[in-house]
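> Whatever this is, show me its structure:
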Amino acid sequence: MSNYIKVFSGSFIEVQRIFSELEKSNICAIIKDESESARLAGFGSSIQGQQEIHVHKDELDRAVKTVKKLAAKLQE
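Residues are numbered from 1 along each chain as shown. You can find the predicted model right below:
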């Protein structure tokens, strides 16, 4: 079982913005891009351009607070 949990998924621009803010808050996050992984492996993907941000379960609470705050701003 993975120690990383998805906290956000969205477009490249949204993910980069949130990822940057997580780094500023000293939260270690990783970006997962299924479509890019599939392309590199020679397969297609049904959802182009969607990426996910995952954080370690130990940082989940802090990350969720940051993501909720930023996601609300992105929706404005």
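> Could you export the helix or strand harbouring Val64 as CSV, CA atoms only?
Using DSSP states H and E, Val64 maps to helix 60-75. The C-alpha coordinates for helix 60-75 follow below in CSV (Å, rounded to 0.1, in the frame of the first residue of the first chain):
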residue,chain,number,x,y,z
LEU,A,60,-2.1,15.0,4.5
ASP,A,61,-3.8,17.4,7.0
ARG,A,62,-1.6,20.4,6.2
ALA,A,63,-1.7,19.7,2.4
VAL,A,64,-5.5,19.4,2.3
LYS,A,65,-5.9,22.8,4.0
THR,A,66,-3.5,24.4,1.5
VAL,A,67,-5.2,22.7,-1.5
LYS,A,68,-8.7,23.7,-0.4
LYS,A,69,-7.7,27.3,0.0
LEU,A,70,-5.9,27.5,-3.4
ALA,A,71,-8.6,25.5,-5.3
ALA,A,72,-11.2,28.0,-4.1
LYS,A,73,-9.1,30.9,-5.5
LEU,A,74,-8.6,29.1,-8.8
GLN,A,75,-12.4,28.7,-9.1
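> Kindly provide the whole-number mean pLDDT of it.
Across helix 60-75, pLDDT averages out at 88.
> Next, the buried residues of it.
If you call a residue buried by 16 or more other C-beta atoms under 10 Å, then helix 60-75 has these buried ones: 63, 66-67, 70. To be clear about C-beta, it is placed using only N, CA and C from the backbone, and glycine gets the same treatment.
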